[in-house]
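Trainee: How does the following fold in three dimensions:
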Amino acid sequence: MTLFRHVLVICRGGAQDRSLAELACSLVGQEGTLSLLGLLEPPEGLSVGDVEAETAAERERLEANLAALAADLPAARLPQVTVVVGRRYLEIVRAAHRLGADLVMKTTDPSPRPPIPLFASIDQHLLRKCPCPVWLLRDAAAAPVAVVAAVDLPDDGGDNGALDGLNREILRTAAGIAALGGRPLRLLHAWSDPLAAVVRQWAGGEVEARVADSTRTAEAQAQAKLQALIAAAEDWLAGEGLSGVRLLPHLVAGSAREALPRAVEELGAELLVIGTLARSGVAGVIIGNTAEDVLNAVDCAVVAVKPPGYVSPLLR
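Mentor: Numbering: from 1, shown residues only. Modelled structure (predicted):
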């Protein structure tokens, strides 16, 4: 099974490019396509002609390095190599769109506020605006062994069509990556009891007992929904050649922005796959505040998955 048809690898011209590109090769297999994109930031305050002259030697060096890397990769097709000068996140978005890439891979830029593992500005832009999933690695390495997928669960009686589509994309991506290492995939969901505060305010006598009952009910409902999602996922993942990936439920109590990063660390996750969320009334789909907070709080590689039908606001 080919997990991705076309992977765009963002290269810096350093030693990590090779391990990143080799990992991308394992994703596209013998049927997919690989592209290598080198990026140079234009010097500030120069005219277009001066920028071209100023960056000509560096561009030639980067092109030669990437061409040598491409020729040495174990890919069925010789990867396409492109080097461009411009605003990095914008050129990545444009290249992903132009090539029809279904995954962008890059190592993270240095954090502006170390040692807190926040993503730098270029990575934040990509998480919000790249037209396809983005895999950000702290360090280029082999396929991750411990893969965790953060999923949301449907509301009772609500329209959950968009959520179902997003969960499917998350699990297809995460299961495919977990399959590379032959390991199970943990489905992670943060649950809470929305009625606990109401019960505490209005229950009268035996408040704590009533709150405990409400909390047990909420946890049981979350567990049942997560098991139902796993049962459904096993069916359609089997149709995509991923029946060998074992799906393991993992519920954590608390708000997602606090509970998910803590659980990711406790599980020893090497990769977190999480979905970006729609905001109603906004043109295009942008990353939700909760997802962004979670991504900025974890210290492992991440894949941010776009919902079906996503259109980047930079391409409108």
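Trainee: Can you tell me the SS state at the residue nearest to Ala24 when sequence neighbours are not counted?
Mentor: Leaving aside its sequence neighbours, Ala24 sits nearest to Val7 (Cβ to Cβ, 6 or more residues apart in numbering; 4.4 Å). (C-beta placed from N, C-alpha, C; glycine too.) Recorded secondary structure, Val7: strand (DSSP: H, G, I helix; E, B strand; the rest coil).
Trainee: when you give positions from now on, start the count at 727
Mentor: Fine by me, first position is 727 from now on; the one you just mentioned is Val733.
Trainee: didn't Val733 look like it was pressed against Ser761?
Mentor: Yes: between Val733 and Ser761 there is a contact under Cβ atoms under 8 Å: 7.3 Å.
Trainee: which one of those two has more residues nearby?
Mentor: Neighbours were counted for Val733 and for Ser761 using other Cβ atoms under 10 Å; Val733 has more, 28 against 22.
Trainee: ok, how many other residues are close to the closest residue to Val811 other than its chain neighbours?
Mentor: Of all residues not flanking Val811 in the chain, Leu766 sits nearest, at 4.6 Å (Cβ to Cβ, 6+ apart). Other residues lying near Leu766 total 18 when counted by other Cβ under 10 Å.
Trainee: any idea of the pLDDT on Leu766?
Mentor: Per-residue pLDDT puts Leu766 at 89.
Trainee: Please tell me how far it sits from Leu973.
Mentor: Applying Cβ to Cβ, to the nearest Å, the value for Leu766 to Leu973 is 43 Å.
Trainee: low-confidence ranges in the stretch 777-926 of the chain?
Mentor: 801-803, 836-844, 866-868, 883-887, 920-926 (pLDDT under 70).
Trainee: Quick check: Asp919 touching Ser940?
Mentor: Yes: between Asp919 and Ser940 there is a contact at 5.6 Å, judged by Cβ under 8 Å.
Trainee: mind listing what's buried in stretch 940-958?
Mentor: Ser940, Thr941, Ala944, Ala948, Lys951, Leu952, Leu955, Ile956 (16 or more other Cβ atoms under 10 Å).
Trainee: Report the buried residues of the helix or strand containing Val999.
Mentor: Applying DSSP states H and E as the criterion places Val999 in strand 997-1001. Neighbour counts using 16+ other Cβ under 10 Å place Leu997, Leu998, Val999, Ile1000, Gly1001 of strand 997-1001 among the buried residues.
Trainee: Quick one: mean pLDDT for the very next helix or strand once past it?
Mentor: Next in sequence after strand 997-1001, counting helices and strands by DSSP H and E, comes helix 1015-1023. Helix 1015-1023 shows a mean pLDDT of 81.
Trainee: Which neighbouring elements make contact with helix 1015-1023?
Mentor: The helices and strands touching helix 1015-1023, judged by 3 or more Cβ pairs under 8 Å, 6 or more residues apart in numbering; DSSP states H and E, are helix 847-855, helix 982-992, strand 997-1001, strand 1027-1031.
Trainee: Now that helix: buried residues?
Mentor: Thr1016, Ala1017, Glu1018, Val1020, Leu1021, Asn1022, Ala1023.
Trainee: what's the answer for stretch 743-753, then?
Mentor: Result for stretch 743-753 [16+ other Cβ under 10 Å]: buried residues Asp743, Leu746, Ala747, Glu748, Leu749, Ala750, Cys751, Leu753.
Trainee: list the helices and strands whichever strand or helix holds Ala957 packs on?
Mentor: Using DSSP H and E, Ala957 sits within helix 933-964. In terms of contacts (3+ Cβ pairs under 8 Å, 6+ apart), helix 933-964 is packed against helix 887-907, strand 911-917, helix 922-928, strand 973-979.
Trainee: Need the winner for burial among those.
Mentor: strand 911-917 (a mean of 23; mean count of other Cβ atoms under 10 Å).
Trainee: The stretch 727-876 of the chain: strands as residue ranges?
Mentor: Secondary structure of the stretch 727-876 of the chain by DSSP state E, counting those that start in this stretch: the strands cover 732-737, 759-766, 806-811, 829-833, 860-863, 873-876.
Trainee: among the ones you listed, which is the most enclosed?
Mentor: When the strands of the stretch 727-876 of the chain are scored by mean count of other Cβ under 10 Å, the highest mean neighbour count falls to strand 873-876 (a mean of 28).
Trainee: From the domain annotation, what segments belong to each domain of the chain?
Mentor: 727-868, 870-1042 (automatic domain parsing).
Trainee: Work out the gap between the shortest one and the centre of the chain.
Mentor: Right, domain 727-868. Relative to its parent chain, domain 727-868 has a centroid offset of 16 Å by Cα atoms, centre = their mean, to the nearest Å.
Trainee: Sounds good, over and out.
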